[in-house]
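> Mind folding the following:
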Amino acid sequence: MILLTDGWSNVGDYDKLLGEARANGITVSTVSAAGGSPELLRSVAQKGNGTFYVANTNADIPKIFVKETKTRLRRYIQEKEFVPTITAPSPVLKGLTSVPSLLGYVGTTPKSTASVPLSSAERDPVLAQWQYGLGRSVAWTSDAKARWSQNWIGTQEYARLWSQSVGWVLARPSENVQVQIAHANGEAVVEVDALRPDGAYLNGARAIVGIVSPNGKVTETPLAQTAPGRYEAKVPASEPGSYITSVSLAGAAQVTQAPTTGFAVGYSPEYRALGPNKAALANVARITGGREIGSPEEAWSHDLAAVLSTRSLTWPLMLIALLLLPIEVAVRRLKLGTLPVPMTIPRHRSIPTQAPTPVTPRASGETARSTVTEVPPVTEPLTPTPDKTQEDDALARLRSAKRRAGKR
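Numbers count the residues shown, from 1 in each chain. Here you go, the predicted structure:
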């Protein structure tokens, strides 16, 4: 733990907290910032098995953190020669009775469910193996180079260790395990038949089936033994898509891995192509007056009877009538006068020709002739003459009305 503070505080039971940290293997280092109290922070670092630092500028803080991290990590690196001890049986160490010495390792803590076949003198794991469900892993805390494993490289134990480690992690499927999967009603029924290497039924094994659904979700379901060497389980599988299954059986001596299998869930049965419904098609043809076509060419034959259909024009005509009704009423009810148009009508009037005037002969031998002078037609504007009778009648009526008014 790295504590970055100014250190100005008078409250808190530091001794108790530092004692709990030491009991749990936690170191406490302090960094004095902004001119903090060096006495208090130096005391905390000493009691916490850590180091006291002073940060004069902000740029010093990252350097201090990196330096402290490297210092504490070096405590986990154990560089000394030792001979690993075989502490647990393992298929990884099959055929190995003794192992050469190593020159160092990285101190780690094994998981509670892991197995530690090789350990150091301080009981730190050197080789650990772990199985979680269908997954397996191997951890080697030393190196595989000439720095710490130079006594191993080139030996028979070195080659056997790594070949058996890879073989255990990548477990080969056993031919003595057969898996059958049937899907119905949204469930997958998994049946596993297992035999021992000598041909006897494998009974009492801890069988687990792992299924990877189409969305990538992994589920593990235990298999129950229903008969000698047979294990069964029902797994929900209603989502359409492909599923991958893997079965493992853990017996008293070893773990048997079944071949990886899978199954597919199709779409809803209503999408399944079951062939044409000829009865329904024949019924449609009968109701509509059609017929069944035997070949694709008949679909293009023009032998269908013409079909006449009627369409009511009531509503379109009513709409037109409603639109024309206001116009018709306006034409009948409103009297729109006409504007006077001045018009000049040319009229030709002929002037009567004068009678010829006799001319006295002037001399002998001359013939008497009459002279006629032609007058061109005169064009006058045609002006309507008022009707005299109508004007007289109007004046007479006015006079009569005036006399009657005077007598009253």
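
> Can you give me the neighbour number for P84?
Residue neighbour count, defined by other CB atoms under 10 Å, stands at 22 for P84. Every residue, glycine included, has its C-beta placed from N, CA and C.

> Next up, the contacts around it.
Remark: with contacts taken as CB atoms under 8 Å, 6 or more residues apart in numbering, P84 is in contact with V99, S101, L102, L118, S119, S120, V126, L127.

> export the residues you listed to CSV and tack on neighbour count and distance to T108?
Formatted as CSV, the contacts of P84 follow (neighbours: other CB atoms under 10 Å; distance: CB to CB, whole Å):
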residue, neighbour count, distance to T108
V99, 20, 18
S101, 13, 19
L102, 23, 14
L118, 24, 12
S119, 19, 11
S120, 20, 10
V126, 22, 9
L127, 25, 11
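
> I'd like the list of those that fall within strands, please.
When the contacts of P84 are checked against strands (DSSP state E), the matches are L118, S119, V126, L127.

> And the first one, what's its pLDDT?
Translated: L118. The predicted structure scores L118 at 91 on the pLDDT scale.

> ok, what's across the strand from it?
Listed beta-bridge partners, L118: I86, L127 (assigned using DSSP bridges).

> which residues touch it?
Applying CB under 8 Å, 6+ apart as the definition, the contact partners of L118 turn out to be P84, T85, I86, T87, L93, V99, P125, V126, L127.

> Next up, the contacts around the residue nearest to the fifth one when sequence neighbours are not counted.
In this case it means L93. With CB to CB, 6 or more residues apart in numbering as the measure, P117 is the residue that lies nearest to L93, at 5.2 Å, once sequence neighbours are left out. In this structure, P117 makes contact with I86, T87, A88, P89, S90, V92, L93, L127, A128, Q129, judged by CB under 8 Å, 6+ apart.

> Give the closest residue to the third one in space, chain neighbours not counted.
It refers to A88. Counting by CB to CB, 6+ apart, the nearest residue to A88 once its immediate chain neighbours are dropped is P117, at 4.9 Å.

> do the same with the second one
If the residues on either side of it in the chain are set aside, T87 comes closest to S119, at 4.7 Å by CB to CB, 6+ apart.

> my guess is that neighbour contacts P125, does it?
Yes: the pair S119 and P125 passes the contact test of CB atoms under 8 Å, sitting 6.0 Å apart.

> Pop the domain breakdown of the protein in here.
Structural domains annotated on the chain: 2-75, 78-169, 177-268, as defined by automatic domain parsing.

> Find the centremost residue of this protein, please.
Among the residues of the chain, the one closest to the centroid is N215, at 14.2 Å (CA atoms, centre = their mean).

> circling back: which stretch in the domains of the chain has the least confidence?
If the domains of the chain are sorted by mean pLDDT, domain 2-75 sits at the bottom with a mean of 77.

> just how off-centre is it within its chain?
Between the mean C-alpha point of domain 2-75 and the mean C-alpha point of its chain there is a distance of 50 Å (CA atoms, centre = their mean, to the nearest Å).

> all numbers from here: first residue = 29
In the new numbering, first residue 29, that becomes domain 30-103.

> Strands along the stretch 179-328 of the chain, start to end?
Counting by DSSP state E, counting those that start in this stretch, one finds strands in the stretch 179-328 of the chain at the ranges 205-212, 215-222, 234-240, 246-255, 258-264, 269-278, 283-285, 289-293.

> Show me what the fourth one packs onto, helices and strands only.
If I follow you right, that is strand 246-255. Under the contact criterion of 3 or more CB pairs under 8 Å, 6 or more residues apart in numbering; DSSP states H and E, the helices and strands touching strand 246-255 comprise strand 215-222, strand 234-240, strand 258-264.

> Show me what the first one is packed up against.
Right, strand 215-222. Counting contacts by 3+ CB pairs under 8 Å, 6+ apart, strand 215-222 packs against strand 205-212, strand 234-240, strand 246-255, strand 258-264, strand 269-278.

> mind listing what's buried in that strand?
Neighbour-count burial for strand 215-222, counted by 16 or more other CB atoms under 10 Å, picks out A216, V218, E219, V220, D221, A222.

> repeat for the last one
By neighbour count, and taking 16+ other CB under 10 Å as the criterion, the buried residues in strand 258-264 are R258, Y259, E260, A261, V263.

> thinking again about what came up before, surely the residue nearest to the centre of the chain and S270 touch.
No: proximity of N243 to S270 does not meet the contact threshold set by CB under 8 Å, at 11.0 Å.

> which residues touch P225?
Under the criterion of CB under 8 Å, 6+ apart, the neighbours of P225 are N204.

> For it, give its distance to P117.
Taking CB to CB, to the nearest Å as the measure, P225 falls 19 Å from P117.

> Mind jotting down where the helices sit in this structure?
Listed in chain order, the helices of the chain (DSSP state H) span residues 42-51, 66-75, 88-101, 184-197, 306-316, 342-361, 416-435.

> Quick one, which of those helices gets closest to A278.
Nearest to A278 among the helices of the chain is helix 184-197 (13.7 Å), distances taken as CB to CB.

> In that closest one, which residues are buried?
Residues of helix 184-197 classed as buried: E185, Y186, L189, Q192, S193, W196 (neighbour count, 16+ other CB under 10 Å).

> do stretch 115-128 as well
Buried residues in stretch 115-128, counting neighbours by 16+ other CB under 10 Å, are found at S118, V120, L121, L124, V127.

> Put together a markdown table for those, with distance to R360 on each row.
Compiled in a markdown table, these are given as follows (distance: CB to CB, whole Å):
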| residue | distance to R360 |
| --- | --- |
| S118 | 115 |
| V120 | 114 |
| L121 | 119 |
| L124 | 122 |
| V127 | 124 |
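
> Out of the residues you listed, which is nearest to K95?
Using CB to CB as the measure, the one of the buried residues of stretch 115-128 that approaches K95 most closely is V127, at 36.7 Å.

> For T85, give me phi and psi.
According to degrees, to the nearest 10, the main-chain angles of T85 amount to phi -130, psi 170.

> Hmm, I typed the wrong one, I wanted S170.
Dihedral angles of S170 (phi, psi; degrees, to the nearest 10) stand at phi -90, psi -170.

> show me the contacts for the nearest residue to it once chain neighbours are set aside.
If you skip the residues right next to it in sequence, S170 has Y133 as its closest partner in space, 4.5 Å away by CB to CB, 6+ apart. For Y133, the contacting residues are Q106, S148, D152, V154, T169, S170, W176, by CB under 8 Å, 6+ apart.
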